[in-house]
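>>> After the sequence you'll find the predicted model.
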Amino acid sequence: MVISFFGGERANVAYLVRNPTAMVLRGDPVITEELISTLDFSQRFCSGCLSFNEAITPEKVTQHIEEFEEAISSGLPSNAINKLWVRHTDKGRTELHFLMPQINLLSGRQLTIYLDARDRRLMNALRDTINLREGYTRPDDPSRKKMTSIPLRIAKASKDFISEIDALIQHEIAAGTITKRDDVVLYLEAQGYEIKRSKKGKLPAEYLKIKKHSDEKFTGLRGAYYRADFCTEICNQNTQPSITKRQELEEAMERLKVEKERRAIRQSARHEMAIRAEKKRQLRHQKDLPKTSAEISITPPQSPPTFLPTQQQKPTYETERNTNPFSTILGESGSFASRTSNWFGRAVQTLVRSLAGLFRAQAVAAAGASGLGGLSAAVDICCEHLVRKIGRFELAVGELTLDITVKRPVAKTRDISGPSL
């Protein structure tokens, strides 16, 4: 079993579900796609797969998915991450594809699910634990180590030529006639191949280049058989396990436990910080919300506004605390000079809210009295009443005096008369 993570956003929801063998195991593709579309991160989701060479039962599939989710969600609530699992079987093996939007659903903050430099040890420990416990094919099994290497981007004829040479060398090693690289060189020259050397007659340390006498170009041979330090005894020691399978399993389980605890400490601390920050943001948002109509006190039209200043004089700190209608906004602590801007801004906000509530109440009353047909006349009545109600408002704050005069807009008439003669 191999755990792979895909870079970029090519392995998206559409890629997972359009496969002819796709089967959704967990999650909802529609919900996951909608959630991803709302994110504006540079890396909006994390995707990858668990690939098995063996056929696994549905019970094992569920077990491996839960083990992976437990490792990823260490230190977080189980519902903090949206998860989508889709199974593919079109490549001759079982692939459990996963896709997770990189956002904490509880805090609304970005969540980096996988970072290779940070989380590779956790994934390796999980992979080794599952492979050793279940007996799956291991990518790091010493017995499966390749002793030769064939480049991918070469012609098919060159690949066939390298495969033919590798088969000959392996046959001679099994027969016991080749034990080191000098034996490999002597055998290839005896078979009629030409080996490229430097001007001083030396061979490269990491590879060999050979060709048939009829060929024009040399072909490189890479792998353990063609290195200068090749020895069959050392290779046999490297391919044999040094410890038992049980010991390897215990070590892998211990590494997995340590890495999960480390991830849980890191993620739980960040999750708590994000939750506290979100609560503070919500509290600030609630304080900044405009008051409802039930919370706005509407002054009857017959009485003058109670919030207008009665004396046109420069207020002092003591008189302001006693006579200022917005003293509750200013508070009992702190100097007036240091908190003038805060008081002034909130005073203007409260005034605007009160005027808006008064206008709405008078408009509703006038509209009800005049009927639906006289809605325009009702609005005009309210405007006239509002102008008479407000009049001239003068607010003195320290050295600053703000004059607000409300006037009805006068319609501009277009002069169509010609020039005077």
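Sure thing, it's come through.
>>> can you count the residues close to Asp215?
Per other C-beta atoms under 10 Å, the neighbour tally for Asp215 reads 12. C-beta: built from backbone N, CA, C; applies to glycine.
>>> Now do the closest residue to Ala228 other than its chain neighbours against Ile150, distance only.
Once flanking residues are discounted, Ala228 sits nearest to Ala205: 4.5 Å by C-beta to C-beta, 6 or more residues apart in numbering. For Ala205, the distance to Ile150 equals 20 Å [C-beta to C-beta, to the nearest Å].
>>> neighbour count winner among those two?
Shown here are Ala205 and Ile150; by other C-beta under 10 Å, Ile150 has more neighbours (15 against 10).
>>> on that earlier part again, what about the residue nearest to Ala228, distance to Gln43?
Using C-beta to C-beta, Ala205 is found at 42 Å from Gln43.
>>> Equivalent analysis for Ile169, please.
On the measure of C-beta to C-beta, Ile169 and Gln43 end up 46 Å apart.
>>> follow-up on the earlier one: I'd say the residue nearest to Ala228 and Arg222 touch.
No. Distance between Ala205 and Arg222: 11.8 Å, which falls outside the contact criterion (C-beta atoms under 8 Å).
>>> List of residues touching stretch 209-220?
With contact meaning C-beta atoms under 8 Å, 6 or more residues apart in numbering, stretch 209-220 is reached by 151, 158, 161-162, 165, 188, 192-196, 207-208, 221.
>>> tell me which residues in that stretch are buried?
Lys209, Ile210, Thr219, Gly220 (16 or more other C-beta atoms under 10 Å).
>>> Ok, stretch 84-91 next?
Leu84, Trp85, Val86, Arg87, His88.
>>> The last one contacts Pro20, doesn't it?
No. The pair His88 / Pro20 is not scored as a contact, 9.2 Å apart, by C-beta under 8 Å.
>>> Strands along the protein, start to end?
Counting by DSSP state E, the chain has these strands, from start to end: 2-6, 23-26, 45-52, 84-88, 94-101, 148-149, 193-195, 207-212, 219-223, 392-397, 400-405.
>>> Please produce JSON lines containing these, extended by mean pLDDT.
Conversion of the strands of the chain to JSON lines gives the following (pLDDT from 0 to 100):
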{"stretch": "strand 2-6", "mean pLDDT": "93"}
{"stretch": "strand 23-26", "mean pLDDT": "94"}
{"stretch": "strand 45-52", "mean pLDDT": "94"}
{"stretch": "strand 84-88", "mean pLDDT": "95"}
{"stretch": "strand 94-101", "mean pLDDT": "95"}
{"stretch": "strand 148-149", "mean pLDDT": "74"}
{"stretch": "strand 193-195", "mean pLDDT": "87"}
{"stretch": "strand 207-212", "mean pLDDT": "85"}
{"stretch": "strand 219-223", "mean pLDDT": "84"}
{"stretch": "strand 392-397", "mean pLDDT": "40"}
{"stretch": "strand 400-405", "mean pLDDT": "42"}
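>>> okay, those strands in JSON lines with distance to Met253 next?
Output for these, formatted as JSON lines (distance: least, C-beta to C-beta, whole Å):
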{"stretch": "strand 2-6", "distance to Met253": "16"}
{"stretch": "strand 23-26", "distance to Met253": "25"}
{"stretch": "strand 45-52", "distance to Met253": "18"}
{"stretch": "strand 84-88", "distance to Met253": "24"}
{"stretch": "strand 94-101", "distance to Met253": "21"}
{"stretch": "strand 148-149", "distance to Met253": "33"}
{"stretch": "strand 193-195", "distance to Met253": "49"}
{"stretch": "strand 207-212", "distance to Met253": "40"}
{"stretch": "strand 219-223", "distance to Met253": "34"}
{"stretch": "strand 392-397", "distance to Met253": "70"}
{"stretch": "strand 400-405", "distance to Met253": "72"}
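>>> Can you tell me which of those strands is nearest to Arg109?
strand 94-101 (12.3 Å; C-beta to C-beta).
>>> The closest one versus strand 2-6: what angle between them?
For strand 94-101 against strand 2-6, the angle by axes from the mean of the first three to the mean of the last three C-alpha atoms, to 10 degrees is 40 degrees.
>>> before we move on, the earlier item: what's the closest of the buried residues of stretch 209-220 to Thr38?
Gly220 (51.6 Å).
>>> Contact partners for Ile31?
Counting by C-beta under 8 Å, 6+ apart, Ile31 has contacts Asn82.
>>> which intervals of this structure have sub-threshold pLDDT?
In the predicted model, the chain carries pLDDT under 70 at residues 142-143, 232-243, 288-346, 348-349, 352-421.
>>> Keeping just the C-alphas, turn stretch 128-144 into PDB.
Provided in PDB are the C-alpha atoms of stretch 128-144 (Å, rounded to 0.1, in the frame of the first residue of the first chain):
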ATOM      1  CA  ASP A 128       4.300   1.000   7.500                       C
ATOM      2  CA  THR A 129       1.900   0.100  10.300                       C
ATOM      3  CA  ILE A 130      -0.900  -0.900   7.800                       C
ATOM      4  CA  ASN A 131       1.500  -2.800   5.500                       C
ATOM      5  CA  LEU A 132       3.200  -4.800   8.200                       C
ATOM      6  CA  ARG A 133       0.000  -5.600  10.100                       C
ATOM      7  CA  GLU A 134      -2.000  -6.700   7.000                       C
ATOM      8  CA  GLY A 135       0.800  -8.100   4.900                       C
ATOM      9  CA  TYR A 136       0.400  -5.800   2.000                       C
ATOM     10  CA  THR A 137       3.000  -5.100  -0.600                       C
ATOM     11  CA  ARG A 138       5.600  -2.600   0.700                       C
ATOM     12  CA  PRO A 139       7.300  -0.100  -1.600                       C
ATOM     13  CA  ASP A 140      10.400  -0.100   0.700                       C
ATOM     14  CA  ASP A 141      10.700  -3.900   1.000                       C
ATOM     15  CA  PRO A 142      14.400  -4.800   0.600                       C
ATOM     16  CA  SER A 143      13.500  -7.900  -1.300                       C
ATOM     17  CA  ARG A 144      11.800  -5.800  -4.000                       C
END
